[in-house]
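Peer 1: what would the 3D arrangement of this be:
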Amino acid sequence: MLKWSLLVVVIGITLAIDLVTKHLAEQRLVLGETDKILPFFYLQRTANDGVAFGLLGGNTTIIIIANVVALLVVGAYVAFERRVLLAAIAGGAVVGGSLGNMVQRLSGDGHVTDFLKFPHWPNFNMADVFIDAGIACIFLGLVLEAVRTWRSGHQAPTAP
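Peer 2: Numbering: from 1, shown residues only. Here you go, the predicted structure:
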């Protein structure tokens with residue numbers, strides 16, 4: 001029960017952060033405008049009708065179907081993952097970020113607002129940050145579990 005409650009909280013927090021920051025970007029940045037925050041970090045509002053790096057641009061139906069499939073896969077991961085915090089936080093970040101992009105895509109013209117920018121890198125938003133961080137945590141958790149399982153099967157027997 002704790003895992004699912006925490007999952008819902010993390011989804012709510014990530015979804016709120018994503019939608020609020022997109023709204024602020026839409027209110028305070030002109031489309032295409034660039035504001036230099038640090039020498040290596042900018043705010044630049046763009047409208048993205050694709051997914052990462054603009055892939056599948058203009059194919060909203062395919063993007064939504066792929067997003068639903070990904071959400072089902074993450075849901076299965078959360079259901080089977082024994083480590084409560086990992087499942088809830090990583091799964092919640094992925095689901096919250098995915099829902100943030102899906103809500104904006106479905107409630108508008110099929111675009112999502114991207115506004116974070118590093119030199120020589122495509123624009124992105126907080127949903128993308130949460131999705132990537134969640135996937136990285138899931139991946140690391142799976143690798144650590146595989147290493148632990150492998151080590152437990154390859155330990156030298158102890159002397160009596």
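
Peer 1: going forward, measure contacts and count neighbours with C-alpha atoms only.
Peer 2: Noted.

Peer 1: got a list of what the residue nearest the centre of the chain touches?
Peer 2: In the chain, the centroid-proximal residue (C-alpha atoms, centre = their mean) is Ile131; its distance is 1.0 Å. By C-alpha atoms under 8 Å, 6 or more residues apart in numbering, the residues touching Ile131 are Ala93, Val94, Val95, Gly96, Gly97, Ser98.

Peer 1: run a quick neighbour tally on the closest residue to it other than its chain neighbours.
Peer 2: Nearest residue to Ile131, sequence neighbours excluded (C-alpha to C-alpha, 6 or more residues apart in numbering): Val94, at 4.2 Å. Other residues near Val94 number 32, with proximity taken as other C-alpha atoms under 10 Å.

Peer 1: these two touch, right, Val94 and Ile135?
Peer 2: Yes - the criterion here is C-alpha atoms under 8 Å, and Val94 meets it with Ile135 at 6.7 Å.

Peer 1: which ones are touching Glu26?
Peer 2: Arg45, Thr113.

Peer 1: quick one: it and Leu19, what's the gap?
Peer 2: The gap separating Glu26 from Leu19 is 11 Å, by C-alpha to C-alpha, to the nearest Å.

Peer 1: for this protein, which element, helix or strand, carries the lowest mean pLDDT?
Peer 2: helix 60-80 (a mean of 89; mean pLDDT, DSSP states H and E).

Peer 1: helices of this protein, residue ranges please.
Peer 2: 2-28, 60-80, 84-107, 126-153 (DSSP state H).

Peer 1: ranking those helices by burial, who's on top?
Peer 2: When the helices of the chain are scored by mean count of other C-alpha atoms under 10 Å, the highest mean neighbour count falls to helix 84-107 (a mean of 23).

Peer 1: which strands and helices lie in contact with it?
Peer 2: helix 2-28, helix 60-80, strand 112-117, helix 126-153 (3 or more C-alpha pairs under 8 Å, 6 or more residues apart in numbering; DSSP states H and E).

Peer 1: just want the angle from the first one to helix 60-80.
Peer 2: Angle of helix 2-28 versus helix 60-80, following axes from the mean of the first three to the mean of the last three C-alpha atoms, to 10 degrees, is 150 degrees.

Peer 1: and helix 2-28, how far out from the chain's middle?
Peer 2: 11 Å (C-alpha atoms, centre = their mean, to the nearest Å).
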